[in-house]
Structures are given as structure tokens and as C-alpha cells.
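*Asks:* Sequence plus predicted model, see below.
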Amino acid sequence: MAPAGKVTGFYREGNDWFCNASLVSDLTLVVDGVNFHLHKFPLMSRCGRIDKILEAAQGPHEGTSLTTLEDFPGGSDIFLVTVKFCYGIRVEFTPRNIVMIYCAADYLEMTEDYGEDNLLLKAEAYFRKNILRSWKDCILALQSCDSVIPRADKLEITSKCLHALSVMVCTDPSLFGWPMLMYGSLQSPGGSILWNGINTGAKIQTIESDWWFEDISYLSVPLFQRLIHTMEARGIRHENLAGAMMYYCRKYLPGLGRWQSGQSGKTRTVASFSMTPAAVDQKVLLESVVKQLPELKGKSFCRFLLGLLRVALILGVNHTCQDSLERRTGMQLDLASLDGLLIPSYSDSDTLYNTDSVERMIHHFVSSDPGITATPDPSSIEIVTSPSSGPLRRVAKLIDSYIAEVASDVNLKPRKVRSLAEALPESSRSLHDGLYRAVDIYFKAHPWLSEKEKEQLCNIIDYQKLSIDACAHASQNERLPLRVVLQVLFFEQLQLRTALAGCLNVVDTESVPAAPVAGPSDVAGQIVQRDGWVTVVRENQGLKVDLERMKSRVGELEEEFSKIKQEMRKVTKSHSYLSSPRFLARRIGCKLLTQSSDTQPDVIESTGPTPRSSVEQSRNSRHRKSSSLF
């Protein structure tokens, strides 16, 4: 029979492992319930731990010894590999088993004190020369560390892998080896790939900055968290780190897929083709990611935060995590979208949407900007445009749309609508059309409200800031209380009067030089601009220009008309002179007698234009005069 050192293999019978040796087993080791029937000498010569155990239990040559190895790294499969090494059988190292073998060799104390080229030294050399220099192998080795994290941390296996990966992310990926070698430096001056110095004609593809997102997403949550921390200490940009975390969350939090427009099915991977996804606790993942997310702003990042908040409410995360998400989202609420804010209510609340969370985000937004004041100065008529007025007005428009969207919920209370509207300062809304629309939708969905409740809710609307169309609609809205309709009509007339005053002010300022001190008309013009009547003033300015043109045209027409009248008078005078009897008598050589003044009207009123009739009239007049003398 062959001695124990000449063992050619091992075989298994049920739950027991035996070696092909001529000697009877004198040592039984139990690992994870599996019995290994072995020999003392090969193991004691290589394993310091087993040597110490056997010496402490009994002498090395006293019968068969039974020993149980508790918490052996890698279990019975890895222990079989170490046993084969002790019996002189060749052991194959791979990226998947190297960490387990490394830890098992450390567990068994297989150092150089128990033989040259012992397993611990061989495993360490393979890990340093092969694993830490390859991106793919490093990912695979790091993934296998999950079950032996404490011992791997003791041997610095985890930290070395994390450091190597962070260095590779910062380095040209062409140095990582296959399959990234095709992007390496072996290229022709024209940019094509060379093989043994021969131009293959294949063009080098462009490597994007997020090529490593997919590979590291196969790590467990603790290892992924530690890798992000190592990369951050290495100086990698926060945008890239945030992108990696967003990719990781989208992969393991299915609820994010629906709300993320940037969801992409990326297929560019290096190591992931041979890896299996990690088993992830979604709640632990979300809480850990929120702690590490950098302080960034952007539309896509804000949408991602809202998606995380939605999933966090579903999973029931702790209050700290939820408050952090609401604070981060509230600080960039001006970049949010309406569909992102429509977060369903997952608690025992009767309402369809989580309006409390949105209200807290509004308060975070208002408190994050010191330039936003809750109430404007009533003594100041001019509105000062601050840098925060743009985002503030965008948020006001967004919240008005949000209230209009949730107003159809029959369980939504009027006080909640009022608190949402009043969470923003009064100066955030230049027009209240959005609020009026939201209130009108709410009244339509809640027809049972009393007049008093409707009036109280209508108090959030400033009727002086309604547009002409909104005023026209409100004045005919039967859902509004009568008192509110009367107020709308009153302010509508007041705004029209103010607009006309502003128009007249514009006309006066164009015709008269500007005075150093502003009068009441200037104040009216500012009020017009403040209340949203700039359009009316511009239209009136256009009408004023048209009126001036009309005046000038009328003046020209009057001048032409006066000239025509003068010409007509000249023509009339000349025509009456040619038709007179005196002119005709002179033309025929007759001399007319002098007529008295009382006969002149008869001559003037004569309608006969011919000379004959004029002569007959003169004769008759002389006859009447002579007869009157008698």
C-alpha cells in the first residue's frame, strides 16, 4: 500500500471524505458537519493550528483523534483544497477561490515555519501578482470576500482590493488587460488597432467615464459602500460617485425604474459577464446610500432623490433617512417636476397623496435661501428682484399645479390646501391664476363645503393679482361665494381704472419732461406693473400712437377741405358774374338803367339765366315804378 504522502486523490462516501492511501486514517477532522478521515503527519507538518490542537489534546501517536474546526473560512470545499495541498496534490488558484484559500491558510497557520513554500505564502503571492493587477479578477475576488470579511480585513485583502479598484478607475482603462486591451496603446498613428505590429483596420472605441458602474454594482452593499468611500478619499469626482450610486440603486430598487427617465439598460461590462448579482437588503441599501450621497444639484439628481423618497416611504426607513431625503429635495425644489412630487400616501392616511412630505420640502426650500422673506414690506411699492426670485417663482408655479392636481381628492381637508398655499411667501406669486384654478377644482370636487369654509379658503387668493381672463371666469363662477364674486368684480373695476391711469401716465410722461420727484401717476404706473397690467398699458400705448396718427390725418383732411372750399368760392363768384344782366348788356351793346334798392332782390332772385329774361324783368320793374308814381 502507498504511504500517506503518496496519495493520488480523495473520494467521498456520503458525508465522509477518504484519501487513496495504504495507511489507515488516524485523524478525523469535522468541518461544517463533513468528516475528513486523514493522517496526522501530513497535516501537522503543514498546519500549525492542527499541530497545536493535537499536542494539546493528546500525544501525536496515541490512537485516532477527532477534532472539530469551528468557523472554517470557505467551509468543507475550501478545507478539501488545503488538505490536498498538505498531501502534495497540485492546487489551482482562481479569482473566485483565492480569497477563501488565503483566509483558510491563515486560519490553519500554514506559514513558512511549517514548511517551505507553504500555502499562505503561495496564496499571498498569487493575490499580489495576479488579482491586484486585473480589474476583472479584483472584482471577482472582492465579491468572494462577503463570507469572510473579518479575516479578510485582518489580512488587508479587502482594503487592498478596494484601493486597487479606486486606482484603476482613475487610470487609463487600457492598462487593465483583457478585455480592455483592445483600447490600449497598441494602435497605429491613424487610430486603428495593431496586432503583432500589423494594422488590423479596427477602430478604437471610446470609453466613457461610467464604464465601471455595472461591474461594481455586483458587490454587496457593505463592500460597495466601502468602495465609494475609498474612491472619495482617492479624489474621484462627486458626480461620478453619485452616478455610480444612482446606477446601483436603480439596479436593486425596482421602484426607481418607473420614476427615473434616465434609466438605461447599459450592456458595457468587463467582469459582470461572469458574476451573479449580490443579495441586497433594499432598506439597508437605501439608508446607506442616503448617508453617502454627495450634495449635488440638477434635474436628474432631484428626480432621483424624489424616487428614493418614494421607495423610502414604501420600505418604512428610519426618520433620519426620510428627513435627509426631504431636506435634500427641498433645497432644489425649483428643479423638481410635478409627477415627481405626486408621492402616494403609503401610511394609514385617508388622502391619496403624501401632502405632508411636500409641505416639509417647501419649508426646507424657503429656509435654505436667506434671501427669501416671508412677507414683503408694505411701505415699499417697488418690487426688488433678487437672485432667488426666479427659483422662488418656479416653485410657486409648481406648488400651484400640485395643489390643483391633488385637489380632486375628496378626503383632502381645506386646511391642508391652505397650509400648502401659505407655505410660500406672498412675494413668490406675481399672478394668482394658478391658486384660483386649484381652489376652483377643489370646490368642484367638494360641493358639500359651507359658504364659510369656501370664504376662508378663498382668502389665500389675492384678487388684485388675477388676470383679466381669471377675473372674467371668477365673476361668472357659480361655485364661488357671492361675497367673493363681488370682491372680484370690485377689484376688476379697480384694476381697469388703474390700468387706464397708468396709460394716461405714459402719455403724459412722453409729452412732458420727466420730473425728479415721482407723482401719484408714477405710483399708479408702478402699481400697474406690479399687478400684472403691463400688457394693458402696452396696448393702450399702441392705441395712443394710432390716435396721434388719426389726429394728424384729420388735420391734413381739414386743410385740404378748406382749400377746396376756397376754390369753390372762387368758382362760384366767377359763375355769378358771368350770368349777371350787366355783363350780358355790355356784351350786346345795351345800357341798363339804374335800379333802386327795393328791386334788387327781385333781380337777385331771378332764376332766368338768359339775356331775354333779364331784359323782360328790367322792363317790368320800370313799369311798376312808373305806375307807382301815379
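*Replies:* Received, thanks.
*Asks:* What residues sit buried inside stretch 210-226?
*Replies:* Using 16 or more other CB atoms under 10 Å as the test for burial, stretch 210-226 gives 211-221, 223-226. Heads up, the C-betas are built off the backbone N, CA and C, glycines and all.
*Asks:* Stretch 330-340 now?
*Replies:* Neighbour-count burial for stretch 330-340, counted by 16+ other CB under 10 Å, picks out Gly330, Met331, Gln332, Leu333, Asp334, Leu335, Ala336, Gly340.
*Asks:* so of the residues you listed, which ones are in helices?
*Replies:* Residues of these located in helices (DSSP state H): Gly330, Met331, Gly340.
*Asks:* which of those residues lies closest to Thr158?
*Replies:* Nearest to Thr158 among those is Met331, at 34.9 Å by CB to CB.
*Asks:* Quick one, grab the pLDDT at the nearest residue to that closest one once chain neighbours are set aside.
*Replies:* Nearest residue to Met331, sequence neighbours excluded (CB to CB, 6 or more residues apart in numbering): Ser368, at 4.6 Å. Looking at Ser368, its pLDDT reads 85.
*Asks:* From Thr329, how far out is Ser368?
*Replies:* Distance, Ser368 to Thr329, by CB to CB, to the nearest Å: 11 Å.
*Asks:* And for Arg90, the neighbour number?
*Replies:* Neighbourhood size, Arg90 [other CB atoms under 10 Å]: 6.
*Asks:* That one in helix, strand or coil?
*Replies:* coil (DSSP: H, G, I helix; E, B strand; the rest coil).
*Asks:* go on, the one 4 residues further on?
*Replies:* Classification of Thr94 by three-state DSSP places it in coil.
*Asks:* measure it to Thr572 for me?
*Replies:* In terms of CB to CB, Thr94 sits 125 Å off from Thr572.
*Asks:* next one: Leu306
*Replies:* In this view, Leu306 and Thr572 are 89 Å apart by CB to CB.
*Asks:* Going along the chain, name the strands of the stretch 1-150 of the chain.
*Replies:* Using DSSP state E, counting those that start in this stretch, the strands found in the stretch 1-150 of the chain span residues 10-13, 16-19, 27-31, 34-38, 65-68.
*Asks:* pLDDT averaged over the fourth one, what's the number?
*Replies:* The one in question is strand 34-38. 92.
*Asks:* List the buried residues in that strand.
*Replies:* Neighbour counts using 16+ other CB under 10 Å place Val34, Asn35, Phe36, His37, Leu38 of strand 34-38 among the buried residues.
*Asks:* same deal with stretch 563-574?
*Replies:* Within stretch 563-574, no residue qualifies as buried by neighbour count (16+ other CB under 10 Å).
*Asks:* Give me the residues contacting that stretch.
*Replies:* Counting contacts by CB atoms under 8 Å, 6 or more residues apart in numbering, no residue outside stretch 563-574 touches it.
*Asks:* Centre of the chain to that stretch, how far?
*Replies:* Centre-to-centre, stretch 563-574 and its host chain are 80 Å apart (CA atoms, centre = their mean, to the nearest Å).
*Asks:* Any chance of the backbone angles for Asn354?
*Replies:* phi -80, psi 80 (degrees, to the nearest 10).
*Asks:* Against Ala312, how distant is it?
*Replies:* Distance, Asn354 to Ala312, by CB to CB: 11 Å.
*Asks:* When these two are compared, which one has more neighbours?
*Replies:* Neighbour totals were compared for Asn354 and Ala312, and Ala312 leads with 24 against 21 (other CB under 10 Å).
*Asks:* My guess is that one contacts His319. True?
*Replies:* No: at 10.5 Å, Ala312 does not count as touching His319 under the criterion of CB atoms under 8 Å.
*Asks:* Helix, strand or coil: sort out Val439 for me.
*Replies:* The assignment at Val439 comes out as helix when based on three-state DSSP.
*Asks:* Might one say that it is in contact with Cys458?
*Replies:* Yes: at 6.4 Å, Val439 and Cys458 qualify as touching, with contact defined as CB under 8 Å.
*Asks:* out of those two, which sits in the more crowded spot?
*Replies:* Val439 (28 against 20).
*Asks:* what sits against that one?
*Replies:* Remark: with contacts taken as CB under 8 Å, 6+ apart, Val439 is in contact with Ala407, Val417, Leu457, Cys458, Ile460, Ile461.
*Asks:* Mind checking what secondary structure the last one has?
*Replies:* In other words, Ile461. Under three-state DSSP, the three-state class of Ile461 is coil.
*Asks:* So what's the predicted local confidence for it?
*Replies:* Looking at Ile461, its pLDDT reads 89.
*Asks:* OK, contacts around it?
*Replies:* His432, Leu435, Tyr436, Val439.
*Asks:* Between these, which sits nearest Ile50?
*Replies:* Leu435 (80.1 Å).
*Asks:* tell me the pLDDT at that closest one?
*Replies:* What the model reports as pLDDT for Leu435 is 93.
*Asks:* Could you say which helix or strand holds it?
*Replies:* helix 433-445 (DSSP states H and E).
*Asks:* tell me which helix or strand of this protein sits lowest on mean pLDDT?
*Replies:* In the chain, no helix or strand scores lower on mean pLDDT, DSSP states H and E than helix 600-605, which sits at a mean of 39.
*Asks:* if you look at the buried residues of stretch 210-226, which of them are in helices?
*Replies:* Of the positions in these, Phe213, Glu214, Asp215, Ile216, Val221, Leu223, Phe224, Gln225, Arg226 sit in helices, assigned by DSSP H.
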